[in-house]
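> model this:
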Amino acid sequence: MPRLSESSKIERRERIIAAARRCFLNKGFSNTSMADIVAESGMSPGSIYSHFDGKASIMRGTAEHIFGATLKDLTDMETETGDPLALSEVARLLIETLFSIDFGPLLLQFVAESTVNSEVHEVAQENIRRGRTLLAGVLEPWSEMKVSQGADPDDVVADPSRLANVLMLLFHGLLIRTAVDTDADRDQLIEDALKLIP
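Below is the predicted model of the structure:
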């Protein structure tokens with residue numbers, strides 16, 4: 001059997017992740033079996049298990065996929081402007097990216113599952129740390145600029161890690177609220193939340 005090219009491996013992983021996300025959205029994480037993902041992807045079990053060792057591994061791959069897309073968006077935006085991205089620009093871009101991939105319902109499921117499933121809990125903690133580190137790295141030039149303009153060095157705006165935590169709380173709150181309250185005016189909630197961010 002011929003070896004897969006790197007681009008074919010990436011395409012297959014993305015196909016598996018997309019199939020798993022559809023299953024998780026339709027049936028929930030705990031009600032989705034690997035057989036469901038096999039059926040949804042149209043791939044063989046062996047092919048799926050050659051890329052992932054189970055649902056938690058697929059969830060980890062889903063998070064990596066989301067981080068990759070988000071980092072690319074942030075990097076592209078930073079390259080376009082040449083200046084440190086403003087906190088409000090970072091927040092808007094991340095919110096738009098996370099809503100565009102319908103991340104709220106998935107986040108809600110993963111958070112709930114992480115309270116009863118130690119493997120999912122470990123993946124969730126890993127993703128929170130990774131997200132905070134990524135976001136802090138993006139916010140660091142803005143924080144440094146604010147301090148050079150006279151911001152109090154002990155203030156939250158001067159500490160990219162603390163700032164990343166606050167933004168993540170905002171994102172999680174918006175995503176979970178709109179996943180549960182489907183009648184909410186999502187656009188208005190987003191605009192109101194963004195008005196609080198300098």
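
> what residue ranges in the chain score low on pLDDT?
Along the chain, segments meeting pLDDT under 70 span 1-2, 4, 71, 77-82.

> now the helices for it?
According to DSSP state H, the chain carries its helices in the segments 6-27, 34-41, 45-49, 55-81, 87-100, 103-114, 118-148, 160-180, 186-195.

> And the residue nearest to the spatial centre of the chain, how close does it get to residue 101?
What sits nearest the mean C-alpha location of the chain, by C-alpha atoms, centre = their mean, is residue 66, with 4.8 Å. Look at residue 66 and residue 101: by C-beta to C-beta, to the nearest Å, they are 7 Å apart. Glycine gets a C-beta too; all of them are placed from N, C-alpha and C.

> And for residue 107?
Taking C-beta to C-beta, one finds residue 107 at 11 Å from residue 101.

> what about those two, which has more around it?
In this view residue 107 and residue 101 are compared by other C-beta atoms under 10 Å, and residue 107 has more residues nearby, 19 against 14.

> returning to that earlier point: comparing the helices of the chain, which comes out most buried?
helix 103-114 (a mean of 19; mean count of other C-beta atoms under 10 Å).

> Against which helices or strands is it packed?
Helices and strands touching helix 103-114, by 3 or more C-beta pairs under 8 Å, 6 or more residues apart in numbering; DSSP states H and E, are helix 6-27, helix 55-81, helix 118-148, helix 160-180.

> and the third one with helix 103-114, angle?
Yep, that's helix 118-148 we're talking about. 120 degrees (axes from the mean of the first three to the mean of the last three C-alpha atoms, to 10 degrees).

> The closest residue to residue 141 other than its chain neighbours: neighbour count?
Using C-beta to C-beta, 6 or more residues apart in numbering and skipping the chain neighbours, the partner closest in space to residue 141 is residue 84 (3.5 Å). Residues lying near residue 84 (other C-beta under 10 Å) number 18.

> just checking, residue 84 touches residue 142?
Yes - using C-beta atoms under 8 Å, residue 84 is in contact with residue 142, at 4.5 Å.

> roughly how far apart are the residue lying closest to residue 119 once chain neighbours are set aside and residue 110?
Of all residues not flanking residue 119 in the chain, residue 56 sits nearest, at 4.3 Å (C-beta to C-beta, 6+ apart). Using C-beta to C-beta, residue 56 is found at 10 Å from residue 110.

> Relative to residue 60, how far out is residue 74?
Taken as C-beta to C-beta, the span from residue 74 to residue 60 is 21 Å.

> same thing with residue 142?
29 Å.

> Isn't residue 37 up against residue 48?
Yes - between residue 37 and residue 48 there is a contact at 6.5 Å, judged by C-beta under 8 Å.

> Between the two, which contacts overlap?
residue 16 (C-beta atoms under 8 Å, 6 or more residues apart in numbering).

> if we can go back for a sec, among the helices and strands packed on helix 103-114, which is nearest residue 42?
If you check each of the helices and strands packed on helix 103-114 against residue 42 by C-beta to C-beta, helix 6-27 wins as the nearest, at 7.8 Å.
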